[in-house]
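> Structure, please.
(one chain, ligands or ions: 1)
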Amino acid sequence: MFYSDLEFAPNTLFLVTGGAGFIGSNLCEAILKMGYKVRCLDNLSTGKQENVNLFIENSDYEFIKGDITDLEICMAACKGVDYVLNQAAWGSVPRSIEMPLYYEKVNIKGTLNMMEAARQNGVKKFVYASSSSVYGDETGLPKREGKEGNLLSPYALTKRVDEEYGKLYYKLYGLDTYGLRYFNVFGRRQDPNGAYAAVIPKFIKQLLDGEVPTINGDGKQSRDFTYVENVIEANLKACKASSEVAGQAFNIAYGGREYLIDIYHYLAKALGKEDIEPHFGPDRAGDIKHSNADISKAKRLLGYNPEWDFERGIKAAIEWYKDNL
Ligand SMILES: NC(=O)c1ccc[n+]([C@@H]2O[C@H](COP(=O)([O-])OP(=O)(O)OC[C@H]3O[C@@H](n4cnc5c(N)ncnc54)[C@H](O)[C@@H]3O)[C@@H](O)[C@H]2O)c1
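Alright, predicted model coming up:
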């Protein structure tokens, strides 16, 4: 288990922005399990109070309800912090196409505020969530850092700008920044509800409820679906990474590729709902056909070594949803 290989000084304090969301709450949980302190900053816009309530009784956990678009709040949240894991953002490519101005405000201005607050508070490492969407229309596989195409959505642009600020804050101010380009993360506590829900939790919930899921396009699109535990590992390893490799972005995935239609049938079988045939809808704007990651850079420079392949992850996710939906 990677946790046991990672040691930080006693009383180390992590700040997780977006800690009431899917990935952020999993990070908070891992840090508490390791015996360190965690402060969560979240405005509960897409995050959930119940993901705060899980830890609120723990004296190593602190919750600040606040917005990363407010620099004063970011400054207060960074006081005394050793490591920032910046997850707060608005996700979803299609939603960003509908409301680009809001994405600019939260994902760019908010992340910049957090970098500035981290710099002024002498934070040791600033690790932030980027996204595979920065590869845009580049069709070559696997996706490799340095080979990005034209962007396809405002969301992707916000993540690319964040990476440019990450580079600058390292070069100009010596803040150790590490951008983690997550590829289609899934796992416990990912929200299955709403028009912009990710496909795995959405299908699981619909199947469990006996509804007919809609697959956008022909289902023959493929993605490097990545179990959340691997993302936790990447964040914690980045906190331990050398300053020499700061200012860069890294692919964070398992390095595999699953077809949507196969995932659908896998889930239907696992949930005993093979009788439900999916509905096929139109392709989604801003989507690419295939995606999978070359993770050799993160392996080499961060010591990232993902332990959860798709099969192991999906089994764990299904079990969690069966017990928690
Ligand atoms: N889930 C994925 O597959 C995936 C893939 C690539 C990148 N990412 C990135 O990972 C990060 C976490 O994503 P997630 O899937 O956990 O999403 P999520 O929506 O579950 O979590 C995001 C959290 O940020 C909070 N937040 C949003 N705006 C905020 C603001 N202005 N101030 C404070 N808090 C704010 C939300 O309330 C929420 O709790 C995001 O940066 C996202 O872009 C996720």
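
> Residue 322 and the ligand: what is the separation?
Here residue 322 is placed at a distance of 20 Å from the ligand (C-beta to the nearest ligand atom, to the nearest Å). Bear in mind the C-beta positions are built from the backbone N, C-alpha and C, glycine included.

> try residue 253
When distance is defined by C-beta to the nearest ligand atom, residue 253 is 10 Å away from the ligand.

> what does this protein put close to the ligand?
By the criterion of C-beta under 6 Å from any ligand atom, the positions of the chain lying close to the ligand are 17-18, 20-24, 42-47, 67-69, 87-91, 106, 110, 129, 131, 182, 184-185, 198.

> Now the buried members of these.
Among those, those scoring as buried are 17-18, 20-24, 42-43, 46-47, 67-69, 87-91, 106, 110, 129, 131, 182, 184-185, 198 (criterion: 16 or more other C-beta atoms under 10 Å).

> Tell me which residues of stretch 180-200 come out buried.
180-192, 196-200.

> Out of these, name the ones that lie in strands.
180, 181, 182, 185, 186 (DSSP state E).

> tell me the contacts of residue 195?
Applying C-beta atoms under 8 Å, 6 or more residues apart in numbering, we find residue 195 in contact with residue 95.

> Distance of it relative to the ligand?
Per C-beta to the nearest ligand atom, residue 195 is found 14 Å from the ligand.

> tell me the phi and psi of that residue?
phi -70, psi -20 (degrees, to the nearest 10).

> Skipping adjacent residues, who's closest to residue 105 in space?
residue 69 (5.7 Å; C-beta to C-beta, 6 or more residues apart in numbering).

> Now do the strands in this protein.
So, for the chain - with DSSP E - the strands run 13-17, 37-42, 61-65, 83-86, 125-131, 177-182, 185-186, 214-216, 222-223, 226-227, 248-252, 258-259, 279-281.

> Output those strands as JSON lines; include the columns mean pLDDT.
Formatted as JSON lines, those follow (pLDDT from 0 to 100):
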{"stretch": "strand 13-17", "mean pLDDT": "99"}
{"stretch": "strand 37-42", "mean pLDDT": "99"}
{"stretch": "strand 61-65", "mean pLDDT": "98"}
{"stretch": "strand 83-86", "mean pLDDT": "99"}
{"stretch": "strand 125-131", "mean pLDDT": "98"}
{"stretch": "strand 177-182", "mean pLDDT": "99"}
{"stretch": "strand 185-186", "mean pLDDT": "98"}
{"stretch": "strand 214-216", "mean pLDDT": "95"}
{"stretch": "strand 222-223", "mean pLDDT": "96"}
{"stretch": "strand 226-227", "mean pLDDT": "98"}
{"stretch": "strand 248-252", "mean pLDDT": "98"}
{"stretch": "strand 258-259", "mean pLDDT": "97"}
{"stretch": "strand 279-281", "mean pLDDT": "96"}
